[in-house]
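Undergrad: sequence unknown, structure follows:
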């Protein structure tokens, strides 16, 4: 108790600020790693360190203390190596996420995007009913030209019928992804990077892994229709929401694209 009071008496503004910054740093690290395969690894590492510190303090183990003192710097260097994909993704998200990177919608562009979302939802609902697989990627602030170059450029007006015809079985472009920019189809038959950070990879097919992969590499939103189950899913920032219907898909896409914040003004009548 006396040691605690002594420590409290020596706290000043600089010490409190130091503790706060370290706490925020650890919180940010855990937030970045949440939901990834790095979490069990980090949890095990912290558990080993905690048990080692407890044993050292209780039993005064000299050799164990020496080993810990010499291994700790190596562990600090090892953490960025072990968590390199997650840390890289976090640095990429600094420029992708947050309100400062969000491009504001004007009323006409928002209406065009809402119409595109409605067509996507209609197409996905019908494709899911027929158990036809599909992968549709909606571009946001990061351009998808490098992936479009791997497929066929279309630059066509987006419609439910066109999407269904693209993904129809045995169609020339049905195996790849459709890329959407604004209210138009940019390209089809595109090859996307596969995610390696899928915890239950046996539950996901190639389309789902590609959807998660492109959402990890960019800020795009990927919509997947499973040909095995007919389930509709959405991937963003490496996370996936599954078992959506047409209405939930529409609401989720509008929320992720921040279209619910835009209210179109009524047009003035002539004269």
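TA: Nice, I can see it. As the structure is a computational prediction, the values presented were derived from the model and not from experiment.

Undergrad: Helix or strand: which one has the spatially closest residue to residue 237 that is not a sequence neighbour?
TA: Nearest residue to residue 237, sequence neighbours excluded (Cβ to Cβ, 6 or more residues apart in numbering): residue 215, at 5.8 Å. Placement of C-beta: from N, CA and C, glycine included. Assessed by DSSP states H and E, residue 215 sits inside helix 206-217.

Undergrad: which residues of this structure score low on pLDDT?
TA: For the chain, the stretches with pLDDT under 70 are 1-8, 32-39, 85-87, 89-104, 198-203, 260-271.

Undergrad: what secondary structure does residue 66 sit in?
TA: helix (DSSP: H, G, I helix; E, B strand; the rest coil).

Undergrad: ranges for the strands of the stretch 151-271 of the chain?
TA: For the stretch 151-271 of the chain, strands defined by DSSP state E, counting those that start in this stretch occupy the ranges 152-157, 177-181, 184-190, 221-225, 232-236, 239-244.

Undergrad: Include mean neighbour count and distance to residue 125 when you put those strands into a markdown table, please.
TA: Below are those laid out as a markdown table (neighbours: other Cβ atoms under 10 Å; distance: least, Cβ to Cβ, whole Å):
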| stretch | mean neighbour count | distance to residue 125 |
| --- | --- | --- |
| strand 152-157 | 14 | 20 |
| strand 177-181 | 26 | 16 |
| strand 184-190 | 22 | 18 |
| strand 221-225 | 25 | 9 |
| strand 232-236 | 23 | 8 |
| strand 239-244 | 16 | 10 |
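
Undergrad: so what secondary structure elements neighbour the helix holding residue 215?
TA: Counting contacts by 3 or more Cβ pairs under 8 Å, 6 or more residues apart in numbering; DSSP states H and E, helix 206-217 packs against strand 134-138, strand 221-225, strand 232-236, strand 239-244.

Undergrad: gap between that helix and the chain center?
TA: 9 Å (Cα atoms, centre = their mean, to the nearest Å).

Undergrad: Tell me which of the strands of the stretch 151-271 of the chain sits nearest to residue 139.
TA: strand 177-181 (4.7 Å; Cβ to Cβ).
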